[in-house]
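Q: give me a model of this one.
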Amino acid sequence: MSIIVFAEQRGGALRKITFEVISEGKRLAAAAGDSLKVLLAGDNVSGLAEELKKFGPDEIAVANSDQLADYTTESYAGVLADYIKQENPSLVLLGHSAIGKDLAPRVAARLGAGLVSDCIKINVDGGDFSFVHPIYAGKAIATYKVNSAVKMATLRPNVFPIEEAEGAASVVDFAPEIAASRTKVKEVIQQAGDRPELTEADIICSGGRGLGGPDGFGLIEELADTLGAAVGSSRAAVDAGWRDHQAQVGQTGKVVSPNLYIACGISGAIQHLAGMGSSKCIVGINKDPEANIFNVADYGIEGDLYKVVPALIEKLKEVNG
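A: Residues are numbered from 1 along each chain as shown. This next block holds a predicted model:
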């Protein structure tokens with residue numbers, strides 16, 4: 001049997017989540033005695049296979065087509081479903097990214113496969129797999145078993161370590177018949193700036209209602225740029241129109257798991273904690289000593305953020321030279 005990983009790329013560049021998923025796939029394949037195969041789809045993406053080889057897959061299947069130049073659910077779902085039918089794997093893994101969350105359920109529905117989304121751990125139990133997934137806004141953890149022959153899972157970003165592995169993967173062409181998509185991509189608008197994408201960032205600086213207005217995000221952006229971080233937001237700030245919904249972290253926004261999460265002027269409502277509670281280190285800055293963020297923070301600073309954050313930026317600049 002085999003385990004299949006869908007390699008996510010955007011604009012001809014592999015996404016960080018791809019390396020995380022392949023690394024976890026390699027670990028599971030070794031534990032289950034399976035081979036690891038990677039599907040790489042896009043237009044003129046054959047060169048990316050060399051980068052994927054560093055993580056030890058046994059085989060890399062490359063689907064090259066100008067019909068795959070832009071991601072559309074219909075085209076990519078057809079390609080992945082056809083590859084799964086051809087290989088008949090025991091497990092299929094994708095990242096729990098915008099693309100993975102769109103693609104996985106479509107493919108699962110086509111194949112009648114069981115799907116567990118947003119996994120934070122996968123266990124190998126006597127040749128079978130069990131999937132660990134947070135429920136009830138992260139307040140409980142559930143373990144699932146899937147009865148279908150082909151099992152599918154999406155993995156939460158920044159949870160699974162990236163580990164290079166030795167191997168000499170063979171690269172094969174995969175040329176399925178791609179049906180004409182009913183969706184046409186007219187334009188792709190990239191978000192301006194060099195900051196990392198929110199769900200893949202190692203460090204996130206977020207602002208909330210305590211900023212007092214949209215101008216306060218200028219301070220959060222300065223802190224983020226000092227740290228090479230992404231900028232996030234609470235739902236209250238988004239609802240007030242201070243920040244675009246793309247920046248929202250929480251139960252109705254994006255779920256993130258950075259190494260460091262700095263919450264500035266965020267009270268710590270359960271809906272927000274559901275989106276960032278799995279961060280490895282949480283720093284809360286709030287002038288309210290009763291703010292719930294202090295209950296989950298590894299480090300808490302009680303004080304006016306407009307005094308604390310500039311002092312923090314100054315110190316960081318001093319340390320960074």
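Q: got the phi and psi for residue 176?
A: With angles defined as degrees, to the nearest 10, residue 176 sits at phi -80, psi 160.
Q: who touches it in this structure?
A: 63, 78-79, 82-83 (C-beta atoms under 8 Å, 6 or more residues apart in numbering). For glycine as for every other residue, the C-beta is placed from the backbone atoms N, C-alpha and C.
Q: who wins for most neighbours among those residues?
A: Among the contacts of residue 176, the one with the most neighbours (other C-beta atoms under 10 Å) is residue 79, at 27 neighbours.
Q: what number of residues lie near residue 152?
A: Neighbour tally, residue 152, other C-beta under 10 Å: 26.
Q: element containing residue 103?
A: helix 98-111 (DSSP states H and E).
Q: buried stuff in that helix?
A: Using 16 or more other C-beta atoms under 10 Å as the test for burial, helix 98-111 gives 99-100, 103-108, 111.
Q: same list, those, but as TSV with distance to residue 11 and pLDDT please.
A: Shown next, in TSV, are those (distance: C-beta to C-beta, whole Å; pLDDT from 0 to 100):
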residue	distance to residue 11	pLDDT
99	12	95
100	17	96
103	17	97
104	21	98
105	24	97
106	22	97
107	22	97
108	26	97
111	28	96
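Q: take those and lay them out in JSON lines including distance to residue 59.
A: Shown next, in JSON lines, are those (distance: C-beta to C-beta, whole Å):
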{"residue": "99", "distance to residue 59": "22"}
{"residue": "100", "distance to residue 59": "21"}
{"residue": "103", "distance to residue 59": "20"}
{"residue": "104", "distance to residue 59": "21"}
{"residue": "105", "distance to residue 59": "26"}
{"residue": "106", "distance to residue 59": "24"}
{"residue": "107", "distance to residue 59": "19"}
{"residue": "108", "distance to residue 59": "22"}
{"residue": "111", "distance to residue 59": "20"}
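Q: and the strands in the stretch 151-300 of the chain?
A: 151-155, 170-173, 203-207, 230-233, 260-264, 282-286, 299-302 (DSSP state E, counting those that start in this stretch).
Q: restricting to C-alpha, output the fifth one in PDB.
A: By that I understand strand 260-264. Output of strand 260-264 as PDB, limited to C-alpha atoms (Å, rounded to 0.1, in the frame of the first residue of the first chain):
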ATOM      1  CA  LEU A 260       5.200  33.000  18.800                       C
ATOM      2  CA  TYR A 261       1.800  34.800  19.000                       C
ATOM      3  CA  ILE A 262       1.700  38.300  20.400                       C
ATOM      4  CA  ALA A 263      -1.800  39.500  21.300                       C
ATOM      5  CA  CYS A 264      -2.000  43.300  21.700                       C
END
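Q: who's in contact with residue 272?
A: The contact partners of residue 272, by C-beta under 8 Å, 6+ apart, come to 208, 234-235, 249-251, 266.
Q: that older thread, list the buried residues for the helix or strand just after the helix holding residue 103?
A: Downstream of helix 98-111, the first helix or strand assigned by DSSP H and E is strand 114-119. Residues of strand 114-119 classed as buried: 114-119 (neighbour count, 16+ other C-beta under 10 Å).
Q: same for strand 114-119, what does it pack against?
A: helix 98-111, strand 128-135, strand 151-155 (3 or more C-beta pairs under 8 Å, 6 or more residues apart in numbering; DSSP states H and E).
Q: any idea which helix or strand comes after that strand?
A: Next helix or strand after strand 114-119 toward the C-terminus (DSSP H and E): strand 121-125.
Q: between that next one and strand 151-155, how big is the angle?
A: Angle, strand 121-125 to strand 151-155, by axes from the mean of the first three to the mean of the last three C-alpha atoms, to 10 degrees: 150 degrees.
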